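Engineer: The following comprises the amino acid sequence and a computationally predicted model.
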Amino acid sequence: MYQDYWGLKEKPFENTPDPRFIYYSPKHEEALMRLLYAVRERKGAAMLSGEYGSGKTLLSKVAMANLLNEGDRYKVALIVNPAISKKELLSEIVYQFGYDITREDTKSELLHKLNDLLYRNMNNHKHSVIIIDEAQAIEDESTFEEIRLLLNFQLNEMFLLTLLLVGQPELKDKIDKVPQFKQRLAIRYHLGTLDLNETGEYIRHRCQVAGRKEPLFSDEAISLIYSASKGIPREINNICDLCLVIGLGEKVSLINEVIVSQVIKDIKPEIALADNRVGEKQNG
């Protein structure tokens with residue numbers, strides 16, 4: 001809709017996990033490094049937590065792409081909807097590892113198939129990796145225990161698989177309630193939000209990937225975007241995308257703080273209302 005007007009090849013602020021648009025803040029670099037370290041060093045389990053919209057899913061996909069690009073060294077299963085029964089979760093893991101399953105398979109049969117797969121991968125010099133995204137959606141504590149038991153697939157000197165749990169902050173609380181699982185986590189990292197400087201770099205990076213080298217947002221606009229979004233990439237995307245729509249309608253050459261303020265009133269009225277109340281108190 002607005003790409004031609006702004007000199008863009010594509011929309012820069014879509015909320016899709018497209019690895020091309022990832023911005024590596026120091027926090028994101030650290031998170032990715034830890035995920036890859038856990039796998040490459042064949043640790044048993046690692047956990048990445050972060051706020052909703054902070055880029056966890058995108059990082060997990062980048063990590064998966066990195067691993068799959070390293071020749072034929074890894075076999076990866078990615079679970080994106082773990083809010084299912086224990087048997088369904090096990091079935092999905094076995095299926096993604098390339099084993100035929102049937103509805104009649106019992107839990108015991110699925111575990112035997114998984115055992116065969118893990119040893120087959122090992123004998124073929126492949127390390128097995130299970131990534132569970134949105135892991136905070138797992139409601140049943142016993143499911144975490146079931147997942148923990150997968151770490152029992154090991155030899156004396158090494159794990160036969162690495163488990164990566166990715167989820168929102170409440171995942172940490174759920175894991176804390178299963179101390180025997182918490183103790184098996186070799187690496188834990190919480191992905192923080194972007195600061196003001198990183199927010200500006202994030203916006204400029206996505207615009208450049210989309211084909212625009214010149215700035216699209218003024219410094220004052222970026223400051224307002226940061227305040228309203230609290231440095232959460234998904235929120236930044238929502239605000240910036242609508243700013244570009246309104247900027248097109250008003251035929252401006254640069255997104256300024258006036259346009260950002262208008263967008264914030266539209267999509268975050270609670271912020272605008274709070275600002276008005278502060279102003280009324282100061283004037284009163």
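Structural biologist: Perfect, thanks for sending it.
Engineer: Only C-alpha atoms from now on, for both contacts and neighbour counts.
Structural biologist: Noted.
Engineer: Helices along the stretch 1-150 of the chain, start to end?
Structural biologist: Under the criterion DSSP state H, counting those that start in this stretch, helices of the stretch 1-150 of the chain are mapped to 3-6, 26-40, 56-68, 86-96, 107-123, 141-149.
Engineer: closest one to N197 among those helices?
Structural biologist: For the helices of the stretch 1-150 of the chain, distance to N197 was read as CA to CA. The smallest value, 11.8 Å, belongs to helix 26-40.
Engineer: list the helices and strands the closest one packs on?
Structural biologist: Helices and strands touching helix 26-40, by 3 or more CA pairs under 8 Å, 6 or more residues apart in numbering; DSSP states H and E, are strand 45-50, helix 56-68, strand 161-167, strand 185-191.
Engineer: Mind checking what helix or strand follows the third one in sequence?
Structural biologist: Towards the C-terminus, the helix or strand next in line after strand 161-167, according to DSSP states H and E, is helix 170-176.
Engineer: avg pLDDT for that next one?
Structural biologist: For helix 170-176, mean pLDDT rounds to 94.
Engineer: Which strands and helices lie in contact with that helix?
Structural biologist: In this structure, helix 170-176 makes packing contacts with helix 179-182, judged by 3+ CA pairs under 8 Å, 6+ apart.
Engineer: one step back: identify whichever of the helices and strands packed on helix 26-40 lies nearest to W6.
Structural biologist: Proximity to W6 (CA to CA) singles out helix 56-68 among the helices and strands packed on helix 26-40, at 25.8 Å.
Engineer: buried set for that closest one?
Structural biologist: Across helix 56-68, burial judged by 16 or more other CA atoms under 10 Å covers 56-64, 67.
Engineer: quick one on the thing from earlier: make JSON lines from the helices of the stretch 1-150 of the chain and add mean pLDDT and distance to D195 to it.
Structural biologist: Below are those laid out as JSON lines (pLDDT from 0 to 100; distance: least, CA to CA, whole Å):
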{"stretch": "helix 3-6", "mean pLDDT": "96", "distance to D195": "26"}
{"stretch": "helix 26-40", "mean pLDDT": "96", "distance to D195": "10"}
{"stretch": "helix 56-68", "mean pLDDT": "92", "distance to D195": "17"}
{"stretch": "helix 86-96", "mean pLDDT": "93", "distance to D195": "37"}
{"stretch": "helix 107-123", "mean pLDDT": "93", "distance to D195": "42"}
{"stretch": "helix 141-149", "mean pLDDT": "90", "distance to D195": "33"}
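Engineer: export those to TSV and tack on distance to P17?
Structural biologist: Converted to TSV, the helices of the stretch 1-150 of the chain look like this (distance: least, CA to CA, whole Å):
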stretch	distance to P17
helix 3-6	20
helix 26-40	14
helix 56-68	5
helix 86-96	20
helix 107-123	28
helix 141-149	26
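Engineer: Domain ranges for the chain, per the record?
Structural biologist: Here the domain parsing of the chain from automatic domain parsing is 3-16+195-283, 26-191.
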